[in-house]
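Enquirer: My questions are about this predicted structure, shown below with the sequence.
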Amino acid sequence: MNTHYIDLIAKITQWDHEYYVLDDPTVSDTEYDQAFQELLAIESTRPGLVTPDSPSQRVGATPIQDYLKIEHSVRMLSLANAFSLEETYAFFEKALKELADNTDSFTIYSEPKLDGLAVSIYYEDGQLVYAATRGDGQIGEDVTHTIKTIKSIPLKLTDASPPKRIDIRGEVFMPKKAFEKLNRLALENNTKLFVNPRNAAAGSIRQMNPKIAAERDLQFIPYGIGAYEGDRDFKQHSDIMRYLHGLGFRQNPHCFNFESSFENFTKNYEFMAEHRSELPMEIDGIVYKVDDISLQNKLGFIARSPKWAVARKFPAQNQTTQLLAVDFQVGRTGVLTPVARLAPVFVGGVTVSNATLHNMDEIDRLGLYIGDEVEIQRAGDVIPKVIKVTATGETRSPIIMPDQCPICNASVERTEGQASFRCTGGLTCGAQSAERIKHYASRKFMNINNLGTKLIEVLYDTGKLKSIADIYQLKSEDIANLEGQGIKSAQNVLDSIESSKSTKLGAFIGALGIHEVGEESAKTLAKHFCSLETITKATLEDLQAVPDIGPVMAKNIEQFFKDETNQTIIADIIAAGVTWPDEIPPSPTEQPLLGQTWVLTGTLENLTRSEAKEILEKLGAKVAGSVSKKTDCVVVGKEAGSKLKNAEALGIKTLDEAAFLAAFKPIG
């Protein structure tokens, strides 16, 4: 190996680290450029020398054709939000009560909540292997090609003995100055402006062409790790962050440790609110975490977020503007939603010209007329909304719900007992049909990857898609002849459609777009009735007997499957080859705890809380966080506290860990 070449790589890598990570450059731009040009000259004459960690590999070469999917080795979770100091403190007070058996207080780690794109970067033996977006938490998109262009991300970890594997989670963001530069160039070139740094960062990372991302001065700061295989035994989250800095990553500014107390949360929040504008990047809040990792493990998770961390969001930013007009949008289920058209105003880093008005009851409550001056509110990614009327307009006109659908001209009726007005056109209404098709093809239902929303809209406008059943009648020429498409992209769409034909009953039920039936309700229906035929024949009484299915949802389900148009569409879909296995009812042997509620307390020696919960759920039990009269049994670990006392007071059965494992571990 050429020694000079290796030394040149090491020198440039060190300079990059000093400039992009430490913010402390030690050489002039001229000296850096000369060394980099020398590196490129060597690699152009001897391409066999080029190594994966060469700084030249950041520049980006061939654009990729499509995103690959990557399954995260450890699920990427999102955070629960708190919008006040009281909510923040209450969140950790609740956590403290769960840990009452083990501790009276704990140390908090606080860090600015960067407003960017969460990614996972995976290294093996110190070498960057791949990077992926969060996606749905389980599966993300491969963005290795653009992540490699970020100079604050080491291609090779700066550790003589790196871990065998480590999955580093963090935020890709665009600094304020880089964002201003990007939009200044957009103005000069008469191209579309980015609305905020977060969108600019996300759009840059999801570029097919890495050269574009390389030009945009993106940055990365880690906030934790997922999978890890190495010789470190981390005791605190703050230890992990110091370790990651030692591996070559930037540190988040203004991170602190403090004891959990209302006074300390107040001081920390006030400090960050005061210094927020001084930071080189946008932040939209503060993340608070229990620092002790053993306590994190004991607290565990709920749904998609940890019980040991919360995001304290900064308050919404409000501005005043004028209501110019109100449009009525027709949603997938036919509900007409009034949308305010506003005189453009800059709010929270975004120019806002539209805001939701929710429904006519809200308009009446506000006393709102077209022409009024209104206050609007925007917090983070929340859709802007009108808060109040600040001044009545000189000329005012009332806001009136149309009698006919603005899309299909069908009559508009108010849903009895509800605030919503609905188009009666059903599947014949263009707005509903297009939105139903998007819903059907979406990732969490039929997962037709390459049939995106824009393509659906174009195919709908050209008459090739009028219902969800038409998806399976599409031909290559229907797509290939469209602007921006071609034979290869058309085949990708058809391949996605074909692969989607093998699905699950719950996914198919959810994809049909029955009003108020979401993803979880659809799964519940599938597990309860086990086949589509049984669901379609279910009476109102049958449906209301299903857990979490109320009378309104039951009526919607019954009416949907009685509708002859819907029956025809479902028959056409099945005739096109869409199949799923019927659900198999759990036997008493497989789920002996079905319908029971169990609680875990204390420290388990042979299982984590998550493992014990998984065993119980496989056996059919619901695992609750507190003891009540409805609790069937409590699994008791060492140093159990208040939950055990409550169970004893209520006469509820208890099992120690050994008895629990003896009874259920072989089955679970």
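Expert: Perfect, thanks for sending it.
Enquirer: and stretch 514-524, how far out from the chain's middle?
Expert: Mean C-alpha position of stretch 514-524 versus that of the full chain (CA atoms, centre = their mean, to the nearest Å) differs by 20 Å.
Enquirer: Convert the C-alpha atoms of that stretch to CSV, please.
Expert: The C-alpha coordinates for stretch 514-524 follow below in CSV (Å, rounded to 0.1, in the frame of the first residue of the first chain):
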residue,chain,number,x,y,z
ILE,A,514,-64.2,1.9,6.3
HIS,A,515,-65.1,5.1,8.2
GLU,A,516,-63.4,5.1,11.7
VAL,A,517,-61.8,1.7,11.2
GLY,A,518,-58.1,2.2,11.6
GLU,A,519,-55.1,-0.1,11.5
GLU,A,520,-55.6,-1.5,15.0
SER,A,521,-59.4,-1.9,14.7
ALA,A,522,-58.9,-3.8,11.4
LYS,A,523,-56.5,-6.2,13.1
THR,A,524,-59.0,-6.7,16.0
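Enquirer: quick one, what contacts residue 153?
Expert: Residues near residue 153 by CB atoms under 8 Å, 6 or more residues apart in numbering: 121, 128, 147, 220, 249. (Each C-beta comes from the backbone N, C-alpha and C, glycine too.)
Enquirer: could I get the residues you listed as a markdown table with distance to residue 234, pLDDT and secondary structure?
Expert: Output for the contacts of residue 153, formatted as a markdown table (distance: CB to CB, whole Å; pLDDT from 0 to 100; DSSP: H, G, I helix; E, B strand; the rest coil):
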| residue | distance to residue 234 | pLDDT | secondary structure |
| --- | --- | --- | --- |
| 121 | 18 | 96 | strand |
| 128 | 21 | 94 | strand |
| 147 | 24 | 93 | helix |
| 220 | 21 | 96 | strand |
| 249 | 15 | 94 | coil |
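Enquirer: Farthest-apart pair in these, please.
Expert: In the contacts of residue 153, the most distant members under the criterion CB to CB are 147 and 249, with 12.7 Å between them.
Enquirer: shared neighbours, the two?
Expert: By CB under 8 Å, 6+ apart, the residues touching both residue 147 and residue 249 are 153, 220.
Enquirer: For the protein, give the strand that spans the most residues.
Expert: For the chain, the strand that runs over the most residues, judged by DSSP state E, is strand 317-330.
Enquirer: Show me what whichever helix or strand comes after that one is packed up against.
Expert: Later in the chain than strand 317-330, the nearest helix or strand by DSSP states H and E is strand 336-347. With contacts taken as 3 or more CB pairs under 8 Å, 6 or more residues apart in numbering; DSSP states H and E, strand 336-347 sits against strand 317-330, strand 350-356, strand 373-378, strand 421-423.
Enquirer: Of the ones you listed, which is nearest residue 69?
Expert: Here strand 350-356 is closest among those (CB to CB), at 30.4 Å.
Enquirer: any idea which helix or strand comes after the closest one?
Expert: Following strand 350-356 in sequence, per DSSP H and E, is helix 360-366.
Enquirer: Can you list the buried residues in that next one?
Expert: Buried residues in helix 360-366, counted by 16 or more other CB atoms under 10 Å: 360, 363, 366.
Enquirer: Same check on stretch 50-57?
Expert: Neighbour-count burial for stretch 50-57 flags 50, 53, 54, 55, 56, 57 (criterion: 16+ other CB under 10 Å).
Enquirer: Dump these to CSV, plus distance to residue 512.
Expert: Formatted as CSV, the buried residues of stretch 50-57 follow (distance: CB to CB, whole Å):
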residue, distance to residue 512
50, 53
53, 50
54, 52
55, 52
56, 52
57, 47
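Enquirer: which of those residues has the weakest pLDDT?
Expert: Minimum pLDDT across those is recorded for residue 57, with 66.
Enquirer: For the stretch 151-300 of the chain, which segments are assigned as strands?
Expert: When secondary structure is read from DSSP state E, counting those that start in this stretch, the stretch 151-300 of the chain shows strands at 165-173, 219-229, 256-259, 283-290.
Enquirer: Of all these, which one comes closest to residue 585?
Expert: Nearest to residue 585, of the strands of the stretch 151-300 of the chain and by CB to CB, is strand 219-229 at 36.0 Å.
Enquirer: Export that closest one to CSV, keeping only CA atoms.
Expert: Provided in CSV are the C-alpha atoms of strand 219-229 (Å, rounded to 0.1, in the frame of the first residue of the first chain):
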residue,chain,number,x,y,z
GLN,A,219,-24.5,18.2,9.8
PHE,A,220,-25.1,15.2,12.1
ILE,A,221,-25.3,15.0,15.9
PRO,A,222,-25.9,11.6,17.6
TYR,A,223,-28.5,11.2,20.4
GLY,A,224,-27.9,7.5,21.3
ILE,A,225,-27.2,4.0,20.1
GLY,A,226,-29.3,1.0,19.1
ALA,A,227,-27.5,-2.3,18.6
TYR,A,228,-24.2,-2.5,20.2
GLU,A,229,-21.6,-5.3,20.4
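Enquirer: ok, back up a step: so which of the buried residues of helix 360-366 comes closest to residue 492?
Expert: The closest of the buried residues of helix 360-366 to residue 492 turns out to be residue 360 (CB to CB; 43.5 Å).
Enquirer: Now the closest one: closest residue in space that isn't a chain neighbour?
Expert: Using CB to CB, 6 or more residues apart in numbering and skipping the chain neighbours, the partner closest in space to residue 360 is residue 401 (5.5 Å).
Enquirer: count of neighbours near that neighbour?
Expert: Residues lying near residue 401 (other CB atoms under 10 Å) number 14.
Enquirer: if you look at the buried residues of stretch 50-57, which of them are in helices?
Expert: Judged by DSSP state H, helices contain none of these.
Enquirer: Which one of those is nearest to residue 179?
Expert: Nearest to residue 179 out of the buried residues of stretch 50-57 is residue 55 (CB to CB; 24.5 Å).
Enquirer: Look up how far residue 505 lies from that closest one.
Expert: For residue 55, the distance to residue 505 equals 52 Å [CB to CB, to the nearest Å].
Enquirer: now swap in residue 239 and tell me
Expert: Noted for residue 239: a distance of 46 Å to residue 505, by CB to CB.
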